[in-house]
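**Student:** Please find the sequence and the predicted model below.
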Amino acid sequence: MDMLINGTAVPATDEARIKVINPATGECIDTVPRGSGTDVNAAVDAADAAFGTWSEKTTRDRGLILFRAAELVRRDHKDLARLLTQEQGKPLKESIDEVRGCANILEYYASISGQPAGEAVHLGKAGDCLVTRVPLGVCGAIIPWNMPVIIMGWKLGPALLAGNTLVLKPASTTPLTNLRIAGLLQEAGLPHGVLNVVTGPGETVGAALVKHPRVKKISFTGDCATGHRIRQMAKDHLKTLTLELGGSDPMIVMADADISKAVDGALRGRFYNAGQVCTAVKRLYLHEKIAEEFMHLLIARVESLTIGNGLLPATDMGPLNNREQLERISSLVREVAEQEEGTISTGGSPKTGSAYKDGFFYQPTLITDVAPDAALLKNEVFGPVLPVMTVPDLSAAIREANRSRYGLGASIWTRDISTIKEVYQRVNAGIVWVNRHLTIPPEVPFGGTNESGIGRENGFHALDSYTQTKTLYLGW
């Protein structure tokens, strides 16, 4: 598959290719160009040339194209989901949900296309002002490999509806479904040059996109270290930034919670997509009165999960996306054992056997008796490993939940409204769920505090971030 620049499939300038590997089998399923700064320049040129005509369209006309694109994504959702599972590894049922979720996002932005933002300000004898919101220009989007289809929708939906043009860089391990969806947007009527996709490594393609003087905004989802580098690279041109940099979400379960429902929440919240989700449950705090019962149920559920190739219908959890992830998770759990920073209650090693030998499989893992300063709690654990801590009361749970440099999401499981209020007010998080975790509809603003980043995805908040105000002052 090739890059998409100005509506045309473009191979790499030096014909270099990147292999896309199926993480369940180790097989190469396709290749994409190893793009360069030259390719980024061409994509920005195309986006710049298309901006004038695209930005002059009404938001309703732009919304109609997004709506048609959503229809095409739904039409092809089975093929897109299968491709996503092959390149990313997640179970097919999760891929179907993700592809349909992308269609939902496009439909949402189409649905608000008849409501362009603006305001009139009456200043009495001094006159009147008309304040409108105008697009920024050429924007850049850098997509991660864990949820590439949903996050593509999060970024291109508001960017295009607002009247911007876009250069998108997919992750090198999961570019294929992004390229297919870009093709569907063209089929829906998106003019050439409005959306361009350049594949290649972050250190070349991503850096060139961030540094480009005509790119007015960068929206990046990924790790903290890369986010900080992007912020430094972007400062010379005063770009607008949205940085979603991951998290270490706490899940707090109080003694009055619905235990069965909370166990379901912990299972899905941690092991969905093999734990490779920014807002996954990454730290579980159980009230001491229900901890023993909860762990008995959770261990049984975890050990009943079927691990395997995501294309097999019985699979509950697929492989990690790449070998580096497998090595990182394996090393982290080994360190826990060697440093005596916790007790491995179940799992704790890569999945073995002939069915797993060529893939990047790791057992779903629960770790109890975790030391307060363990690396499991200090760093984001991007895989199927869940540290579990017991707390005596809500104050202790909140104190431990806030012992993190992140602040993306958190959940509280209780029936008590005063508990909910206290967690909402005191826990450092951009979103607090009550008796659920992970759910992020396109209407809901999403982003974090502290090291989890800056800016918001989704809803009118994301749409605003792709615009700037422009004022007409009428002095009469």
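**Tutor:** Looks like it came in fine.
**Student:** per-domain residue ranges of the protein.
**Tutor:** Following automatic domain parsing, one gets these domains for the chain: 3-245+450-474, 249-434.
**Student:** Ok, which of the ones you listed comes nearest residue 444?
**Tutor:** Proximity to residue 444, assessed across the domains of the chain by CB to CB, is greatest for domain 3-245+450-474 (5.6 Å). To be clear about C-beta, it is placed using only N, CA and C from the backbone, and glycine gets the same treatment.
**Student:** and that closest one, what's its mean pLDDT?
**Tutor:** On average, the pLDDT along domain 3-245+450-474 is 95.
**Student:** now do the same end-to-end measure for that domain.
**Tutor:** 47 Å (CA to CA, to the nearest Å).
**Student:** any chance of the domains of the chain in a markdown table, plus mean neighbour count and distance to residue 440?
**Tutor:** Formatted as a markdown table, those follow (neighbours: other CB atoms under 10 Å; distance: least, CB to CB, whole Å):
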| stretch | mean neighbour count | distance to residue 440 |
| --- | --- | --- |
| domain 3-245+450-474 | 20 | 7 |
| domain 249-434 | 19 | 7 |
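**Student:** Would you mind giving these as TSV with distance to residue 442 added?
**Tutor:** Written out in TSV, the entries for those read as follows (distance: least, CB to CB, whole Å):
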stretch	distance to residue 442
domain 3-245+450-474	4
domain 249-434	14
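**Student:** Nearest to residue 441, out of the ones you listed?
**Tutor:** Checking those against residue 441 by CB to CB gives domain 3-245+450-474 as the closest, at 7.7 Å.
**Student:** what about that closest one, distance to the chain center?
**Tutor:** Domain 3-245+450-474 has its C-alpha centroid displaced from the chain centroid by 13 Å (CA atoms, centre = their mean, to the nearest Å).
**Student:** What are the neighbouring residues in contact with residue 6?
**Tutor:** 42, 43, 46, 49, 50, 192, 193, 196 (CB atoms under 8 Å, 6 or more residues apart in numbering).
**Student:** Can you point out the helix or strand that includes the first one?
**Tutor:** Read that as residue 42. helix 37-56 (DSSP states H and E).
**Student:** so what does the helix or strand just after that helix touch, helix or strand wise?
**Tutor:** Beyond helix 37-56 in the direction of the C-terminus, DSSP H and E gives the next helix or strand as helix 59-75. In terms of contacts (3 or more CB pairs under 8 Å, 6 or more residues apart in numbering; DSSP states H and E), helix 59-75 is packed against helix 92-111, helix 148-161, helix 176-187.
**Student:** Got phi/psi on the residue located most distally from the centre of the chain?
**Tutor:** Going by CA atoms, centre = their mean, the residue of the chain most distant from its centre is residue 125, 49.4 Å out. In terms of degrees, to the nearest 10, the main-chain angles of residue 125 are phi -70, psi -20.
**Student:** can you check the one 4 residues further on too?
**Tutor:** According to degrees, to the nearest 10, the main-chain angles of residue 129 amount to phi -130, psi 140.
**Student:** what's near enough to touch the closest residue to it other than its chain neighbours?
**Tutor:** Sequence neighbours aside, residue 121 is the residue nearest to residue 129 in space, at 4.1 Å (criterion: CB to CB, 6 or more residues apart in numbering). Counting by CB under 8 Å, 6+ apart, residue 121 touches 128, 129, 130, 131.
**Student:** rerun at 7 Å
**Tutor:** 128, 129, 131 (CB atoms under 7 Å, 6 or more residues apart in numbering).
**Student:** Then residue 136?
**Tutor:** Here residue 136 is in contact with 164, 216, 217, 240, 466, 467, 468 (criterion: CB under 7 Å, 6+ apart).
**Student:** Nearest to residue 34 among the residues you listed?
**Tutor:** Of all the contacts of residue 136, residue 217 has the smallest distance to residue 34: 25.3 Å, by CB to CB.
**Student:** The helix or strand that the closest one is a member of vs helix 148-161, what angle?
**Tutor:** Here residue 217 sits within strand 215-221, counting by DSSP H and E. Between strand 215-221 and helix 148-161, the angle comes out at 150 degrees (axes from the mean of the first three to the mean of the last three CA atoms, to 10 degrees).
**Student:** Please name the residues that touch the closest residue to residue 210 other than its chain neighbours.
**Tutor:** Excluding its sequence neighbours, the residue lying closest to residue 210 (CB to CB, 6+ apart) is residue 233, at 4.6 Å. If you count contacts by CB under 7 Å, 6+ apart, residue 233 has them with 207, 210, 211.
**Student:** can you redo these as TSV with distance to residue 186 and secondary structure?
**Tutor:** Converted to TSV, these look like this (distance: CB to CB, whole Å; DSSP: H, G, I helix; E, B strand; the rest coil):
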residue	distance to residue 186	secondary structure
207	27	helix
210	25	helix
211	27	helix
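**Student:** of all the residues you listed, which comes closest to residue 405?
**Tutor:** For these, the nearest to residue 405 is residue 210 (23.1 Å; CB to CB).
**Student:** I'd say the closest one and residue 234 touch.
**Tutor:** Yes. Assessed by CB atoms under 7 Å, residue 210 is found in contact with residue 234 at 5.5 Å.
**Student:** on that earlier part again, can you tell me which of the contacts of residue 121 lies closest to residue 273?
**Tutor:** Of the contacts of residue 121, the one sitting nearest to residue 273 (CB to CB) turns out to be residue 131, at 41.6 Å.
**Student:** What about that closest one? Give its phi and psi, please.
**Tutor:** phi -110, psi 120.
**Student:** ok, now residue 296?
**Tutor:** phi -60, psi -50.
**Student:** For it, which residues are in contact?
**Tutor:** By CB under 7 Å, 6+ apart, residue 296 has no neighbours at all.
**Student:** And the pLDDT at it?
**Tutor:** 98.
**Student:** so how far is residue 366 from it?
**Tutor:** Per CB to CB, to the nearest Å, residue 296 is found 12 Å from residue 366.
**Student:** picking up where we left off before, can you add distance to residue 83 and give the contacts of residue 233 back as CSV?
**Tutor:** Compiled in CSV, those are given as follows (distance: CB to CB, whole Å):
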residue, distance to residue 83
207, 28
210, 28
211, 31
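**Student:** Relative to residue 476, how far out is the residue farthest from the centre of the chain?
**Tutor:** 9 Å.
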